[in-house]
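Asker: next comes the sequence, and after it the predicted model I'd like to discuss.
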Amino acid sequence: MAEHLLSTAVHDTLPGNYVRPESQRPRLAEVVTGARIPVVDLGSPDRAEVVAAIGDACRSHGFFQVLNHGIHADLIASVMAVGRDFFRLPPEEKAKLYSDDPARKIRLSTSFNVRKETVHNWRDYLRLHCHPLHEFVPDWPSNPPDFKDTMSKYCKEVRELGFRLYAAISESLGLEASYMKETLGEQEQHMAVNFYPPCPEPELTYGLPAHTDPNALTILLMDQDVAGLQVLHGGKWVAVNPQPGALIINIGDQLQALSNGQYRSVWHRAVVNSDRERMSVASFLCPCNHVVLGPAQKLITEDTPAVYRNYTYDEYYKKFWSRNLDQEHCLELFRT
Ligand code: OGA
Ligand code: NI
């Protein structure tokens, strides 16, 4: 119900159903804060170098930041502004969009999967399907007034960027540049506008607990001022510090499968803090529902047999949403 939304109230104490058991808490003091995840300059004229850098990052971290990605800074600022304005709308306005049914293509919700989970997460989120735009935009929020226009522009540009990255990632695996775009079919595109209000007890809960993304590729626009994303690397949680102008790219489960396990869909999480709200906009490129997924033929050899069986995205996605986030990597259920 809409009264579960966090962004409609001020919270002085953390309700009991947000408190993680001691063994599952974020242990913020142990997080590595000074490290940097790989940075790739897409504006570099040396294509081979860009492709190699992306390949290295996908193997080592499953995450990288891109600079000179071609999405204008003004558009990015407008996306962040319109997202914040949305979460500041009055409760009655937000209640109209509330749903906790993951099958809904446009929904304002909270936590992760309120129907399945026992402990909630300190996040509200607006989830939108974005492709084809003309099919979904009419039902997107019409308040704030510039929401549809700003977000549609951003969605188009993110999609283009995603396809450019597909080409580079395909090449970095020794596949045809067109391999991913063609194999993954007429891609769906989803967006999550994540809003993390200030939290009275950040040590006891999460914005989003550790998870991997079930889709193919994620392009994350982070808050430029407030950190919160952390990535598991070498057994430690590493904070991703906001870098002006950068977008964060991560490999989703489908590219881990397609790469036959060479590239990794890495565990990541979002933590909250006590004095500042934080926002992020995650764009997900998702394979077409009926396409058959699994390791690329070319990457299956005698020495590197198929690690995953073939399946459809429909099958995968249903499995993902039928679980809670605190479980094993969903891809483990698709091993050969
Ligand atoms: C996600 C995600 C991280 C963040 O939406 O899948 O990992 O920093 N978000 O909001
Ligand atoms: Ni994620």
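Answerer: On my side now, so go ahead. Residues are numbered from 1 along each chain as shown. Ligands and ions are numbered 1, 2, ... in the order given.

Asker: helix or strand right after the helix or strand containing residue 237?
Answerer: Using DSSP states H and E, residue 237 maps to strand 236-239. Moving toward the C-terminus from strand 236-239, the next helix or strand (DSSP H and E) is strand 247-251.

Asker: send me the next helix or strand after that next one as PDB with only the CA atoms.
Answerer: Using DSSP H and E, the next helix or strand after strand 247-251 towards the C-terminus is helix 253-258. Taking C-alpha atoms only, helix 253-258 is exported to PDB below (Å, rounded to 0.1, in the frame of the first residue of the first chain):
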ATOM      1  CA  ASP A 253      23.600 -11.900 -15.500                       C
ATOM      2  CA  GLN A 254      22.800 -12.300 -19.200                       C
ATOM      3  CA  LEU A 255      26.200 -11.200 -20.400                       C
ATOM      4  CA  GLN A 256      27.900 -13.400 -17.800                       C
ATOM      5  CA  ALA A 257      26.000 -16.300 -19.400                       C
ATOM      6  CA  LEU A 258      26.700 -15.100 -23.000                       C
END
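
Asker: how about the nearest residue to residue 155, chain neighbours excluded?
Answerer: residue 130 (4.4 Å; C-beta to C-beta, 6 or more residues apart in numbering). For glycine as for every other residue, the C-beta is placed from the backbone atoms N, C-alpha and C.

Asker: isn't that neighbour right up against residue 193?
Answerer: No: between residue 130 and residue 193 there is no contact, the gap being 11.4 Å when judged by C-beta atoms under 8 Å.

Asker: tell me the mean pLDDT over stretch 247-257?
Answerer: Averaging pLDDT along stretch 247-257 yields 97.

Asker: just stretch 67-78 next, same as before
Answerer: For stretch 67-78, mean pLDDT is 97.

Asker: how close does residue 268 sit to residue 80?
Answerer: 20 Å (C-beta to C-beta, to the nearest Å).

Asker: who's more crowded, those two?
Answerer: residue 268 (24 against 20; other C-beta atoms under 10 Å).

Asker: which residues does the more buried one contact?
Answerer: 63, 210, 211, 212, 229, 230, 231, 232, 250 (C-beta atoms under 8 Å, 6 or more residues apart in numbering).

Asker: ligand 1 contacts on the protein?
Answerer: Applying C-beta under 6 Å from any ligand atom, we find that the chain lies next to ligand 1 at 192, 194, 208, 213, 222, 228, 229, 268, 270, 280, 282.

Asker: which ones among those are found in strands?
Answerer: Within the residues of the chain next to ligand 1, residues falling in strands by DSSP state E are 192, 194, 208, 222, 229, 268, 270, 280, 282.

Asker: let me see the contact set for the residue lying closest to the fifth one once chain neighbours are set aside.
Answerer: Same thing as residue 229. Sequence neighbours aside, residue 240 is the residue nearest to residue 229 in space, at 4.4 Å (criterion: C-beta to C-beta, 6+ apart). Listed by C-beta under 8 Å, 6+ apart, the contact partners of residue 240 are 37, 63, 65, 222, 227, 229, 230, 231, 248.

Asker: buried among those residues? Make that a PyMOL selection.
Answerer: Buried members of the contacts of residue 240, identified by 16 or more other C-beta atoms under 10 Å, are gathered into one PyMOL selection as follows:
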select buried, resi 37+63+65+222+227+229+230+231+248
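
Asker: bridging residues for the residue of the stretch 101-250 of the chain found nearest ligand 1?
Answerer: The nearest approach of the stretch 101-250 of the chain to ligand 1 comes at residue 229, 3.6 Å away (C-beta to the nearest ligand atom). Beta-bridge partners for residue 229, by DSSP bridges, are residue 270.
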